[in-house]
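# output the structure for:
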Amino acid sequence: LSGSVQHRNLASANFDGFYSPVLQPLPDGRLAITQCGFEDGSNDTPDTWFFLYDHGDVEKRVLNADEPGNEQMEPWMVVDGQGGIHVSWFDAREGEWRLYGATSIDDGDTFTEYEIGDETFRKGFDDYDTYAWVGHFQGLTATEDNVIAIWGDNTEDGNSKIRADRSVAD
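Residues are numbered from 1 along each chain as shown. Coordinates of the predicted model:
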């Protein structure tokens, strides 16, 4: 996948958590990969990308359906028992962070995007340089009947709390 997306240091953070590649095997032997990064040669903010790797051939597509210039970071992915592919990421298109997700039930050919959680939450640091949310801590799992997301945010009182949302995708 070298050269498929580019990594750059961003003004709001200088760590690799923005990119966080995640790899899952698919039932047919291909590999599903997600990460946040920049389109080749772009100076824009990172998008959430999905890749299918099939013994040397790589297909890629951007997952977040928003306008250019909106920041995404820290993706996660799970493949359920029926082969459904579920991806989540932190997204700043609303001016604050919200966990977004996308699901594919056709082997990654198309994805349906959705919001996870009821509210947005503050980005980054507050006026006192206090870390205001639980970054790096989000994920997905799948049971026979549900997809379950977990993440940290500060919607309630400005302090980090762990949230969970069951059946985030239909």
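# could you pull up the residues touching residue 139?
With contacts defined as CB atoms under 8 Å, 6 or more residues apart in numbering, residue 139 is in contact with 76, 78, 88, 149, 150, 151. All C-beta spots, glycine's among them, are computed from the backbone N, C-alpha and C.
# centre-most residue in this protein?
Centre of the chain computed as the mean C-alpha position; nearest residue by CA atoms, centre = their mean is residue 89, 2.1 Å away.
# now for the spatially closest residue to residue 167 that is not a sequence neighbour, how many residues are close by?
Sequence neighbours aside, residue 146 is the residue nearest to residue 167 in space, at 4.7 Å (criterion: CB to CB, 6 or more residues apart in numbering). Around residue 146 there are 13 other residues, counting by other CB atoms under 10 Å.
# quick one: residue 146 from residue 20, how far?
23 Å (CB to CB, to the nearest Å).
# adding secondary structure, write the contacts of residue 139 out as JSON lines.
Formatted as JSON lines, the entries for these read as follows, by DSSP: H, G, I helix; E, B strand; the rest coil:
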{"residue": "76", "secondary structure": "strand"}
{"residue": "78", "secondary structure": "strand"}
{"residue": "88", "secondary structure": "strand"}
{"residue": "149", "secondary structure": "strand"}
{"residue": "150", "secondary structure": "strand"}
{"residue": "151", "secondary structure": "strand"}
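# out of those, who's nearest residue 66?
Closest approach between those and residue 66, by CB to CB: residue 88, at 14.9 Å.
# contacts only, for the closest one.
Applying CB under 8 Å, 6+ apart to residue 88 gives the contacts 75-77, 99-101, 116, 138-140, 149, 151, 168.
# looking at this protein, which strand is longest?
strand 112-121 (DSSP state E).
# got the buried residues for that strand?
Residues of strand 112-121 classed as buried: 113, 116, 117, 120, 121 (neighbour count, 16 or more other CB atoms under 10 Å).
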